[in-house]
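S.K.: for reference, the sequence and a predicted model appear below.
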Amino acid sequence: MDKVLILSVSAGAGHVRAAQAIEKALIESNAARQLKNVDTLEYTNAIFRKLYSKAYVEMVNKIPELFGWFYEYFDKPGQKERRRLAFDKLNTGPFVKMLEEYQPDIAICTHFLPAEIISWLKGKNRINTRQAIVITDFDLHAFWLCRHYEHYFVALEETKVHLEQLGVPADKISITGIPIDPVFARNKDKKKTREQYNLNVELPTILVSAGGLGVGPVEKMVQTLTQMRKEVQIIVICGRNEELKQRVDTLVQDMPAEQPARFIAIGYTTEMDGYMSAADLILGKTGGLTTSEALAKGLGFVIVDPIPGQEQRNADHLLEEGVAIKCNNWPVLAYKIDKLLDNPPRLAEMQLKARDLAKPQAAHNIVEKLMGL
């Protein structure tokens with residue numbers, strides 16, 4: 001491939017991480033003569049950029065029910081498409097200019113915003129760019145649907161069937177999984193990894209993930225887990241949310257020394273593959289990228305308070321596949337985890353099914369398919 005353009009949107013960390021994984025796979029495969037990885041929001045006006053990224057974090061943190069309502073309201077294929085496109089066109093003039101100047105041979109979109117703009121430009125014959133769309137959740141939302149594209153990449157066979165039912169030809173859909181950094185495909189010894197992070201090599205290890213941006217009721221989760229009766233170590237990943245990291249640190253410092261659960265708060269890290277390799281279970285968010293990374297590491301899931309919308313749908317798929325349990329009531333969270341840890345065969349089965357569902361080579365498989373287009 002000559003000129004390749006990877007396009008994401010920095011609203012949530014997952015779309016950007018997926019783009020980075022594809023970029024890394026392209027470089028490792030030496031598959032592109034010229035490669036550019038772009039956050040689409042950098043080519044929009046300042047007000048739109050701030051609203052698009054900040055509004056997402058504010059909504060999922062403070063009023064997730066409203067976010068869920070918007071998600072369901074707009075999930076109507078073929079409806080409200082023109083209104084949304086008109087709004088996006090008004091705010092993406094610099095992005096359109098960049099596309100027309102760069103004229104990539106292929107654009108790989110890990111977010112629906114650039115995908116719909118490219119589709120519109122292709123329909124107007126303003127660019128002659130092939131378009132590949134990488135859906136970064138397990139389920140399909142109407143926002144991902146475009147009229148002009150060359151290929152879709154999806155996580156599950158069910159998602160492929162959904163697209164086919166909406167008129168996308170089967171030969172234009174590949175089930176590759178969600179692209180994650182190829183490092184997650186490498187097996188690491190659990191005990192040695194725990195030693196590396198100064199963890200007790202014998203204790204059950206739980207990873208609490210707040211996603212890359214550090215959103216969700218993490219403090220409430222930490223306080224609830226102090227009620228566990230089993231001796232465990234709990235790694236709390238706070239992402240880029242420095243205030244959350246400080247609040248969790250304060251909570252941990254005030255905890256009585258004799259309680260069975262030991263907490264370790266971690267801020268933003270580039271070593272998620274290491275922390276996941278050290279863990280047995282993951283608690284919390286079911287974002288597409290975090291979930292795919294955890295599956296690659298064979299972790300069982302304890303789903304707590306997923307964001308209404310895509311995270312809830314991702315959670316449904318995990319429950320159907322038998323890799324997760326879900327806690328709907330905060331007062332029994334510690335009880336449910338204690339019960340699971342008391343049943344090692346069940347936990348082992350969840351971990352095995354997680355590995356069966358995982359597709360750690362998704363990024364390389366996407367690149368291989370693109371080279372054949």
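M.R.: Structure's in. What do you need?
S.K.: contact partners for the residue nearest to the spatial centre of the chain?
M.R.: By Cα atoms, centre = their mean, the chain has its centre lying nearest to Leu289, at 2.5 Å. Taking Cβ atoms under 8 Å, 6 or more residues apart in numbering as the criterion, Leu289 is in contact with Ala13, Gly14, Arg17, Ala18, Thr136, Ile178, Ile180, Gly212. The C-beta positions use only the backbone N, C-alpha and C, and glycine is treated the same way.
S.K.: so which two of those are the farthest from each other?
M.R.: Taking Cβ to Cβ, the two most distant members of these are Ile178 and Gly212; they sit 14.3 Å apart.
S.K.: those two: which is more packed in?
M.R.: Ranked by neighbour count (other Cβ atoms under 10 Å), Ile178 and Gly212 place Ile178 first, with 30 against 23.
S.K.: list the contacts of the helix or strand containing Leu340.
M.R.: Assigned by DSSP states H and E, Leu340 belongs to helix 333-341. For helix 333-341, contacts defined as Cβ under 8 Å, 6+ apart pick out 204, 206, 221, 224-230, 232, 281, 283, 300, 302, 304, 325, 327, 346-347.
S.K.: can you tell me which of those residues end up in helices?
M.R.: Using DSSP state H, the members of the contacts of helix 333-341 that fall within helices are Met221, Thr224, Leu225, Arg346, Leu347.
S.K.: separate out the buried members of the residues you listed.
M.R.: Buried subset of the ones in helices among the contacts of helix 333-341 (neighbour count, 16 or more other Cβ atoms under 10 Å): Met221, Thr224, Leu225, Leu347.
S.K.: could you redo those as a markdown table and give each row pLDDT and distance to Leu251?
M.R.: As requested, these are exported to a markdown table (pLDDT from 0 to 100; distance: Cβ to Cβ, whole Å):
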| residue | pLDDT | distance to Leu251 |
| --- | --- | --- |
| Met221 | 88 | 11 |
| Thr224 | 91 | 11 |
| Leu225 | 92 | 11 |
| Leu347 | 97 | 27 |
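S.K.: wait, which of those is closest to Asn198?
M.R.: For these, the minimum distance to Asn198 (Cβ to Cβ) is 20.0 Å, reached by Leu225.
S.K.: ok, that closest one touching Ala261?
M.R.: Yes - when contacts are counted by Cβ atoms under 8 Å, Leu225 is listed as touching Ala261 (5.5 Å).
S.K.: so for the helix or strand where Leu289 lies, mean pLDDT?
M.R.: Taking DSSP H and E as the criterion, Leu289 maps to helix 288-296. Across helix 288-296, pLDDT averages out at 95.
S.K.: what of stretch 188-205?
M.R.: Per-region confidence: stretch 188-205 scores 95 on mean pLDDT.
S.K.: that stretch: end-to-end distance?
M.R.: End-to-end span of stretch 188-205 (Cα to Cα, to the nearest Å): 15 Å.
S.K.: want to throw the buried ones among the ones in helices among the contacts of helix 333-341 into CSV with distance to Gly267?
M.R.: Below are these laid out as CSV (distance: Cβ to Cβ, whole Å):
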residue, distance to Gly267
Met221, 17
Thr224, 22
Leu225, 19
Leu347, 28
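S.K.: ok, back up a step: which of the contacts of Leu289 fall in helices?
M.R.: Using DSSP H, the members of these that fall in helices are Gly14, Arg17, Ala18.
S.K.: so which of the residues you listed is the most crowded?
M.R.: Comparing the ones in helices among the contacts of Leu289 by number of neighbours (other Cβ under 10 Å), Ala18 comes first, having 30 neighbours.
S.K.: give me the pLDDT for the closest residue to that residue other than its chain neighbours.
M.R.: Spatial nearest neighbour of Ala18, chain neighbours left out: Thr110 (4.2 Å); criterion: Cβ to Cβ, 6 or more residues apart in numbering. At Thr110, the model reports a pLDDT of 97.
S.K.: what distance do you get for Thr110 to Gln361?
M.R.: For Thr110, the distance to Gln361 equals 17 Å [Cβ to Cβ, to the nearest Å].
S.K.: Ser8 reaches Ala18, doesn't it?
M.R.: Yes - under the criterion of Cβ under 8 Å, Ser8 makes contact with Ala18 at 6.9 Å.
S.K.: residue ranges with poor pLDDT in this structure?
M.R.: For the chain, the stretches flagged by pLDDT under 70 are 53, 55, 57, 79-87, 90, 211-216.
S.K.: and the longest helix anywhere in the chain, how far from the chain's centre?
M.R.: Ranked by residue count under DSSP H, the longest helix found in the chain is helix 46-62. Counting by Cα atoms, centre = their mean, to the nearest Å, helix 46-62 is centred 18 Å from the centre of its parent chain.
S.K.: if you count contacts, what does that helix end up packed against?
M.R.: helix 64-73 (3 or more Cβ pairs under 8 Å, 6 or more residues apart in numbering; DSSP states H and E).
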